[in-house]
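[1] Below are the sequence and a predicted model; questions follow.
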Amino acid sequence: MTEIDQIVAQCQKGNREAQKILYEKFAPKLFAVCIRYCKNRTEAEDFLHEGYIKIFENIDRFRGEGPIEAWMRRIMVNTILEELRNKQKISFVDENEIFINNFAEEEPETDEVHFEVNINQVNELIAKMPEKYKLVFNLYVVENYSHEQIAAELKISIGTSKSNLSRARKWLRDRLGELGSG
């Protein structure tokens, strides 16, 4: 049994010290997940807190069938999605609007940027992305959700998920282009 397995087993018994250790071990990575979906640090901290409450309330359901970090990350993302659905009624661009505006063509899979950008610049741009685009972009690109999963989680159509991802990519390409020409 690994050290992390022992910590999880102690958390499942309600051991507060083990909970503290688990929190300290994974909080930085899970905070990074939260910050990707938030407008500011305070909101991300609130999500982190809410997510950890759910993690510790449900830790007895963890069966060790995968890494604890992946299980915790999934709970954190689900907590964020639930909170965003409840607090912010984000209006997504409907797939039909794309057709009306002649944006129906698929985005090319290879979008090359011909200048150097560091990851911090990209993260800063993603943080500034309109909320409806950022949510779909993060779920698809970062969390590897399928459009079917995104549609189910956000209660939107698959086409709406695809069109919002397309617009998010365009938004990001446009901002990267501004960085490259500046």
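    Received, thanks.

[2] low pLDDT regions in this structure?
    Low-confidence regions of the chain, defined by pLDDT under 70, span residues 87-118, 180-182.

[3] buried ones in whichever helix or strand Arg175 is part of?
    Using DSSP states H and E, Arg175 sits within helix 158-181. Taking 16 or more other CB atoms under 10 Å as the basis for neighbour counts, the residues of helix 158-181 that come out buried are 159-169, 171-172, 175-176. Using the backbone N, CA and C atoms, a C-beta is placed for each residue, glycine as well.

[4] Just flag the most distant two among the residues you listed.
    Pairwise distances across the buried residues of helix 158-181 (CB to CB) peak at 25.7 Å, for the pair Gly159 and Leu176.

[5] before we move on, the earlier item: quick check, nearest of the buried residues of helix 158-181 to Val136?
    The closest of those to Val136 turns out to be Asn164 (CB to CB; 4.2 Å).

[6] Which elements pack onto the helix or strand harbouring Ala152?
    Ala152 belongs to helix 147-154 when elements are defined using DSSP H and E. Helix 147-154 is packed against helix 68-87, helix 131-137, helix 158-181, with contacts defined by 3 or more CB pairs under 8 Å, 6 or more residues apart in numbering; DSSP states H and E.

[7] and the shortest one, how far out from the chain's middle?
    Taking the mean of its C-alpha atoms, helix 131-137 sits 9 Å from the chain's own mean (CA atoms, centre = their mean, to the nearest Å).

[8] For that helix, name the packing helices and strands.
    Contact analysis of helix 131-137 by 3+ CB pairs under 8 Å, 6+ apart lists helix 16-37, helix 119-128, helix 147-154, helix 158-181 as its packing neighbours.

[9] quick one on the thing from earlier: what angle separates the helix holding Arg175 from helix 119-128?
    Helix 158-181 runs at 130 degrees relative to helix 119-128, counting by axes from the mean of the first three to the mean of the last three CA atoms, to 10 degrees.

[10] Mind giving me the packing neighbours of helix 158-181?
    Contacting helix 158-181 under the criterion 3+ CB pairs under 8 Å, 6+ apart are the following elements: helix 95-100, helix 119-128, helix 131-137, helix 147-154.
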